[in-house]
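Undergrad: Pasting the sequence and the predicted model now:
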Amino acid sequence: MDRFVIEMGMGIDFHGQDVTKAAVKAAKDAIPKSCLIGLEEICGFTQDNINENVLIDVVIGVTRPDEVIKDEVIKCFPVGKVAVRTVCGGLKTEGLYFPNFGDKDDSIEVAVASVSVKIKK
């Protein structure tokens, strides 16, 4: 498979310290930054064959990669076969502790996503 597009995204969970929510937001941040018009106009893919010819490779950097629910990230992508890998990264920084918002402590979780769209020739 050859890389077609690479895009980055960032997601933040201000309250709740949920790395999955931050990861989903990072993936969703990357998606609208690209228009994959070339999949149809250059590669000739259609709604019928796009899922078998396109791989979406997602790498999420978060402070607690083992806690990310990968299926939640996969749901963000409307086409292709999606593979998600989580790695140690992201950022945990000081925030505001407000239990009514679901906070467990006073931190903010930040996730970074690298999304590569790969195509089968």
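TA: Structure's in. What do you need?

Undergrad: Give me the spatial nearest neighbour of the spatially most central residue of the chain, chain neighbours excluded.
TA: The chain has residue 27 as the residue nearest its centroid, 2.4 Å off, counting by C-alpha atoms, centre = their mean. Nearest residue to residue 27, sequence neighbours excluded (C-beta to C-beta, 6 or more residues apart in numbering): residue 76, at 4.5 Å. For the C-beta atoms, the positions are set from N, CA and C on the backbone; glycine is no exception.

Undergrad: residues contacting that neighbour?
TA: Under the criterion of C-beta atoms under 8 Å, 6 or more residues apart in numbering, the neighbours of residue 76 are 24, 27, 28, 31.

Undergrad: which residues touch the second one?
TA: Just to be clear, that refers to residue 27. By C-beta under 8 Å, 6+ apart, the residues touching residue 27 are 9, 11, 58, 60, 73, 76, 77, 113, 115.

Undergrad: Which member of those is positioned nearest residue 97?
TA: residue 11 (20.7 Å; C-beta to C-beta).

Undergrad: who are the neighbours of the strand or helix carrying that closest one, in terms of helices and strands?
TA: Assigned by DSSP states H and E, residue 11 belongs to strand 2-13. The helices and strands touching strand 2-13, judged by 3 or more C-beta pairs under 8 Å, 6 or more residues apart in numbering; DSSP states H and E, are helix 19-30, strand 107-119.
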